[in-house]
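Colleague: model the following, please.
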Amino acid sequence: MNPNAKKGMVIRMKKDVKYRIGKNNAGTVIGIVMLLIFGGVTLWLYLSKNGAFFFGLLLSLVMLAVNAASLYNELFHKIIIDSEGLYYRTAPSNGKKYGYSDIAKVWVSFGKNLNGTESEYCNVRLCSGEDIKFLFFPYDAEGIGYLMEMVKKQGERDMPICDGDDTQIYHISGKFLGKTRIVISSVILLITVLLEIALIRNTVLALIIPIGIILAAVDFTYNLIRYFCFAVRIEPEGFFVRTNPFDGKYYNYSVIRDCKAVMKKHKRRDRGRVTHNMYYYYFVFWDRDGVERRFRFEKAVSSHEIEVLRDRIIRANSKW
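Modeller: Predicted coordinates:
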């Protein structure tokens with residue numbers, strides 16, 4: 001957990017304490033500035049009758065989509081923490097207030113993203129068994145600390161959900177942030193197709209760009225399959241894993257011989273030079289017959305669930 005979040009654990013309780021999580025006006029302003037720059041350059045190229053205006057138009061459309069998403073997030077995505085509880089809304093009509101008596105526990109998961117940047121997520125488990133996850137930034141740490149302290153102050157309650165309780169059920173789903181990834185990959189695919197249409201008369205580029213179309217189509221298909229099919233359900237006696245429409249299977253913990261979480265680092269090169277690393281996390285497990293199976297997870301989002309799964313498998317093996 002971020003050290004700043006730990007500092008935020010001890011806060012004077014005030015009736016007017018209120019934190020807005022994830023509000024990022026700087027990102028919105030930067031997006032608008034970039035849109036104006038790309039739009040201005042595109043207009044200048046068009047008035048100059050320069051054929052390059054087409055590429056500027058594509059970039060402007062991308063920035064317009066980014067700004068539209070940012071505006072939607074600013075208007076309708078709202079997470080507020082105050083002295084009464086947590087207000088959570090991701091769409092115009094699904095906002096809901098949860099009192100602290102409705103929350104069983106709160107924890108923070110963190111880790112590297114695909115591009116190597118670090119992210120932190122706040123996980124809120126409701127007494128109903130539902131989980132809420134949301135990204136927060138270092139400047140939100142005080143609010144997250146306040147939320148954790150207020151939930152802790154509720155004390156022991158008569159509910160089947162508490163730390164160390166093996167009756168809890170956890171989920172890892174491809175639907176978390178899945179729609180965002182599908183939209184981004186579809187926009188990239190559309191841009192590469194438009195580039196191919198615009199440059200069809202250029203023999204060299206007409207041969208190179210289809211490779212980009214294939215890669216973009218593969219990425220779009222992967223995101224689509226992960227959104228609709230990927231699921232991990234961690235139950236008291238075993239777990240269910242499905243990574244595609246055809247491989248769903250339930251495993252009792254007692255039939256798993258070994259397991260581990262591994263990180264794979266892949267280097268991306270540009271003209272022979274290393275530009276940056278890509279980080280992939282996998283949970284690997286073997287059954288009693290030595291058959292290996294794995295699934296990819298996002299450590300920043302699901303590190304706690306993976307630890308629970310690993311601990312339950314280890315405890316089941318210790319009984320042998």
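Colleague: so where do the helices sit in the stretch 101-250 of the chain?
Modeller: 141-152, 178-198, 203-229 (DSSP state H, counting those that start in this stretch).
Colleague: nearest to residue 278 among the ones you listed would be which one?
Modeller: Closest to residue 278 of the helices of the stretch 101-250 of the chain is helix 203-229 (Cβ to Cβ; 12.8 Å). The C-beta positions use only the backbone N, C-alpha and C, and glycine is treated the same way.
Colleague: buried residues in the closest one?
Modeller: 209, 212-213, 216-217, 219-220, 223-224, 226-227 (16 or more other Cβ atoms under 10 Å).
Colleague: now stretch 127-139
Modeller: Under the neighbour-count criterion of 16+ other Cβ under 10 Å, stretch 127-139 has 131-132, 134, 136 buried.
Colleague: then stretch 90-110?
Modeller: Residues of stretch 90-110 classed as buried: 98, 100, 102-106, 108-110 (neighbour count, 16+ other Cβ under 10 Å).
Colleague: report the mean per-residue pLDDT for stretch 145-160.
Modeller: Per-residue pLDDT values over stretch 145-160 give a mean of 74.
Colleague: let me redo that: stretch 122-141
Modeller: Stretch 122-141 carries an average pLDDT of 91.
Colleague: do stretch 91-108 as well
Modeller: For stretch 91-108, the mean per-residue pLDDT is 91.
Colleague: can I get that stretch as CSV, trimmed to CA atoms?
Modeller: Taking C-alpha atoms only, stretch 91-108 is exported to CSV below (Å, rounded to 0.1, in the frame of the first residue of the first chain):
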residue,chain,number,x,y,z
ALA,A,91,-23.4,5.8,-15.0
PRO,A,92,-26.2,8.4,-14.9
SER,A,93,-28.7,6.1,-13.2
ASN,A,94,-26.8,3.7,-11.0
GLY,A,95,-25.6,5.9,-8.2
LYS,A,96,-26.0,4.4,-4.7
LYS,A,97,-25.0,5.4,-1.2
TYR,A,98,-23.5,2.7,1.1
GLY,A,99,-23.4,3.4,4.8
TYR,A,100,-20.5,2.1,6.8
SER,A,101,-22.7,-0.5,8.3
ASP,A,102,-23.2,-1.9,4.8
ILE,A,103,-19.4,-2.4,4.3
ALA,A,104,-17.7,-5.5,5.6
LYS,A,105,-14.1,-4.6,4.8
VAL,A,106,-11.8,-2.5,2.6
TRP,A,107,-8.4,-3.4,1.3
VAL,A,108,-6.0,-2.0,-1.3
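Colleague: chain center to that stretch, what's the gap?
Modeller: Relative to the mean C-alpha coordinate of its chain, stretch 91-108 is positioned 19 Å out (Cα atoms, centre = their mean, to the nearest Å).
Colleague: one more: stretch 236-256?
Modeller: Relative to its chain's centre, stretch 236-256 lies at 23 Å (Cα atoms, centre = their mean).
Colleague: list the buried ones in it?
Modeller: Buried residues in stretch 236-256, counted by 16+ other Cβ under 10 Å: 238-239, 241-243, 251, 253, 256.
Colleague: does residue 256 touch residue 287 like I think?
Modeller: Yes. With contact defined as Cβ atoms under 8 Å, residue 256 counts as touching residue 287 (6.1 Å).
Colleague: buried residues, the one helix or strand residue 262 maps to. List them.
Modeller: In this assignment (DSSP states H and E), residue 262 forms part of strand 256-270. Within strand 256-270, the residues scored as buried using 16+ other Cβ under 10 Å are 256, 259, 261.
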